[in-house]
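Novice: Any chance you can model this:
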Amino acid sequence: MFEEVCDHARINSEALKRIVELRHKTKTKLLQFRVADLVLGKAHLYQTKNKLSPKWTGPYRVTEVLGNRAYRLETLERGTIP
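Specialist: You can find the predicted model right below:
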């Protein structure tokens, strides 16, 4: 009896995970940036002073597409970002 309840709960859990994954994949769009596009970067914790600080830094210019959603960026004053 207890094993049947556990199996039923596991099956329901797996089904729910698949439904959530499918909904997420259908609603998200994969962005591909090109050279010379302007992008924003997520601010690190040391860049935010309080909860009202901007969550994004930039803008930055894409100088090179490295592949697999990796890019080489530079500031608008042509300063490179390590």
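
Novice: Can you list the buried residues in stretch 32-46?
Specialist: Buried residues in stretch 32-46, counting neighbours by 16 or more other C-beta atoms under 10 Å, are absent. To be clear about C-beta, it is placed using only N, CA and C from the backbone, and glycine gets the same treatment.

Novice: All the helices of the protein, residue numbers only.
Specialist: 2-27 (DSSP state H).

Novice: what residues go with each domain of it?
Specialist: With domains defined by automatic domain parsing, the chain comprises 1-30, 31-82.

Novice: Most tightly packed of the ones you listed?
Specialist: Among those, domain 31-82 has the highest mean neighbour count (mean count of other C-beta atoms under 10 Å), at a mean of 11.

Novice: Any idea how far that domain is from the middle of the chain?
Specialist: The chain centre lies 13 Å from the centre of domain 31-82; the measure is C-alpha atoms, centre = their mean, to the nearest Å.

Novice: Is it possible to get CSV of the domains of the chain that adds mean pLDDT?
Specialist: As requested, these are exported to CSV (pLDDT from 0 to 100):
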stretch, mean pLDDT
domain 1-30, 91
domain 31-82, 88
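
Novice: which residues does R61 contact?
Specialist: Counting by C-beta atoms under 8 Å, 6 or more residues apart in numbering, R61 makes contact with 36-39, 73-76.

Novice: Identify, from these, the entry nearest to M1.
Specialist: Using C-beta to C-beta, V39 comes nearest to M1 of these, at 56.7 Å.

Novice: which non-adjacent residue is nearest the closest one?
Specialist: Closest residue to V39 apart from its sequence neighbours, by C-beta to C-beta, 6 or more residues apart in numbering: Y60 at 5.5 Å.

Novice: The one you found against K42, yeah?
Specialist: No - using C-beta atoms under 8 Å, Y60 makes no contact with K42, being 11.5 Å away.

Novice: Need the residues touching each of the two.
Specialist: Residues touching both Y60 and K42 by C-beta under 8 Å, 6+ apart: none at all.

Novice: ok, the longest strand along the chain: who's next to it in the sheet?
Specialist: With secondary structure taken from DSSP state E, the chain has its longest strand at strand 56-67. Sheet pairing here is set by DSSP bridges, and for strand 56-67 it gives strand 38-42 (antiparallel), strand 70-75 (antiparallel).
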